[in-house]
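Engineer: whatever this is, show me its structure:
(one chain, ligands or ions: 1)
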Amino acid sequence: MISIQNLKKIFTLDKQPITAVDSLSLDINEGEIFGVIGYSGAGKSTFVRLLNRLEEPTDGTIFIDGKEMTKLTSRQLRLARQEIGMIFQHFNLLWSRTTEENIAFPLEIAGVPKVERKKRVQELIDLVGLTGREKAYPSQLSGGQKQRVGIARALANNPKVLLCDEATSALDPETTNSILDLLVGINEKLGLTIILITHEMHVIRKICNRVAVMEKGKIVEHGNVLDVFSNPKQPVTKKFVEQVVAEGDQDDSLEYLLTHIDPVGKVLRLQFTGTGTNQALISEVAKQFSVQVNMLQGKITQTKNGPLGTLTVQMIGEKIEIQKAESFIKEATVEVEVIRDDS
Ligand SMILES: Nc1ncnc2c1ncn2[C@@H]1O[C@H](COP(=O)(O)OP(=O)(O)OP(=O)(O)O)[C@@H](O)[C@H]1O
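Structural biologist: Purely as a prediction, here's the structure:
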């Protein structure tokens, strides 16, 4: 759906060049939710604004749905932008217009006749869960409701792509989750390609299929969310991963725990990387084999593609039963590391 080659944006500030996006190349598939994560100043906003040419690229090419965005005339660009919706951190609503008037705005610009417009606005209001709030002004809406108006407005002209610029950063955690659920629902229902930029790992973990990590205008690492976060290579990626799987903290307390448990059985560290496993595994082990499972510590987080994290357990029982249980766990494609063997 989107193909970007060698994209570059250099701003000039006080006669000094600032490279905000640097030789960036990336392909984004149709229908996926693609996350871009990075710290403040990494170039995320500039990157996403280059996609619909809210910023003009200094160099490089951008193809969206087969159209070379960088080559479009201003009239062609206006039409192409109807196929690219965008939502913003601070919503960017028109404060003197009601919910329905805000949503109708892009339809008015596209020249959609009044009767059709009315019908479409009502459909969108129902889709984003704002039924009953049609006549409210933005000042009368909560943050989450304002973002719902922003989403409905972005979807008005049936875009193929939705760009989300820190769309949940101004919202509390609960509202963030409800907006993320709405985005997933829209992605599934409409088959829309979503590009979402954020500095929050939680957002990536919850809804993205793939992720790119940005630093100093470049993509330093990208791939499937589980692959990138179960095996982060760059220091910046490792820092983000620690937000959801704090392994460093765990090693110290494990050392302590190991000196305080009976030296029996086997201590295993199970690494969950999403491939066809779930937390029911442990209860299954306890049911099928004559072993006791003593949970020592763990941190498992759910991603869109399955669980990710580690669990450290002590297996107590006959040596042969422990071996059987260990093989069973390995078959479930969980990585197993023996931390201590007293069996
Ligand atoms: N219009 C502009 N003029 C000059 N420099 C700019 C402009 N817009 C962005 N920059 C610079 O480009 C770099 C990247 O900024 P950008 O806003 O894209 O980063 P970001 O990752 O989105 O960070 P944040 O989340 O803080 O916005 C920064 O050094 C910023 O100061």
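Engineer: contacts for the helix or strand hosting Ile186, please.
Structural biologist: Assigned by DSSP states H and E, Ile186 belongs to helix 173-190. Contacts with helix 173-190, where a contact means CB atoms under 8 Å, 6 or more residues apart in numbering, come from 31, 33, 127-129, 142-144, 147-148, 151, 155, 162, 164, 167-168, 171, 192, 194, 196, 202-203, 206-207. Where you see a C-beta, it was placed from the backbone N, CA and C, and this is true even at glycine.
Engineer: check stretch 112-124 too.
Structural biologist: For stretch 112-124, contacts defined as CB under 8 Å, 6+ apart pick out 100, 103-104, 107-108, 134, 152-153, 155-156.
Engineer: could I get the CA-only coordinates of that stretch as PDB?
Structural biologist: This file holds the C-alpha atoms of stretch 112-124, laid out as PDB (Å, rounded to 0.1, in the frame of the first residue of the first chain):
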ATOM      1  CA  VAL A 112     -20.900  15.500  -1.500                       C
ATOM      2  CA  PRO A 113     -24.600  16.500  -1.800                       C
ATOM      3  CA  LYS A 114     -26.500  17.400   1.300                       C
ATOM      4  CA  VAL A 115     -28.800  14.300   1.600                       C
ATOM      5  CA  GLU A 116     -25.900  11.900   1.100                       C
ATOM      6  CA  ARG A 117     -23.800  13.900   3.500                       C
ATOM      7  CA  LYS A 118     -26.400  13.600   6.200                       C
ATOM      8  CA  LYS A 119     -26.600   9.800   5.800                       C
ATOM      9  CA  ARG A 120     -22.900   9.400   5.800                       C
ATOM     10  CA  VAL A 121     -22.400  11.500   8.900                       C
ATOM     11  CA  GLN A 122     -24.900   9.400  10.800                       C
ATOM     12  CA  GLU A 123     -23.200   6.200   9.700                       C
ATOM     13  CA  LEU A 124     -19.900   7.600  10.900                       C
END
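Engineer: who does the helix or strand just after the helix holding Ile186 pair up with?
Structural biologist: The helix or strand immediately downstream of helix 173-190 is strand 193-198, counting by DSSP H and E. Neighbouring strands of strand 193-198 in its sheet, by DSSP bridges, are strand 33-37 (parallel), strand 161-165 (parallel).
Engineer: for the residue most central in space within the chain, what are its contacts?
Structural biologist: Nearest to the mean C-alpha position of the chain, counting by CA atoms, centre = their mean, stands Ile204 at 2.4 Å. Under the criterion of CB under 8 Å, 6+ apart, the neighbours of Ile204 are 35, 37, 198, 211, 225, 240.
Engineer: elements contacting the helix or strand Ala104 falls within?
Structural biologist: Element membership for Ala104, per DSSP H and E: helix 99-109. On a contact count with 3 or more CB pairs under 8 Å, 6 or more residues apart in numbering; DSSP states H and E, helix 99-109 meets helix 114-127, helix 143-155.
Engineer: how about the residue nearest to the centre of the chain, secondary structure?
Structural biologist: Under DSSP: H, G, I helix; E, B strand; the rest coil, Ile204 falls in the helix class.
Engineer: rewinding a little: list the buried residues of the helix holding Ile186.
Structural biologist: For helix 173-190, a neighbour-count test (16 or more other CB atoms under 10 Å) marks 175-177, 179-180, 182-184, 186-187, 190 as buried.
Engineer: give me the domain ranges for the chain.
Structural biologist: Residue ranges for the domains of the chain, per the TED database: 2-248, 255-342.
Engineer: before we move on, the earlier item: most packed of the strands paired with strand 193-198?
Structural biologist: Mean neighbour count (mean count of other CB atoms under 10 Å) peaks for strand 33-37 among the strands paired with strand 193-198, with a mean of 26.
Engineer: can it be found next to the ligand?
Structural biologist: No. Using CB under 6 Å from any ligand atom, strand 33-37 never reaches the ligand; the gap is at least 8.8 Å.
Engineer: quick one: Ile282 and His202, what's the gap?
Structural biologist: Ile282 sits 25 Å away from His202, going by CB to CB, to the nearest Å.
Engineer: and Asn157, by the same measure?
Structural biologist: Distance of Asn157 to His202, given as CB to CB: 30 Å.
Engineer: returning to what we had before: what's the closest non-adjacent residue to the residue nearest to the centre of the chain?
Structural biologist: Computed as CB to CB, 6 or more residues apart in numbering, the closest residue to Ile204 that is not its neighbour in sequence is Gly35, at 4.2 Å.
Engineer: show the contacting residues for that neighbour.
Structural biologist: By CB under 8 Å, 6+ apart, the contact set of Gly35 is 196-198, 203-204, 207-208, 210-212, 225.
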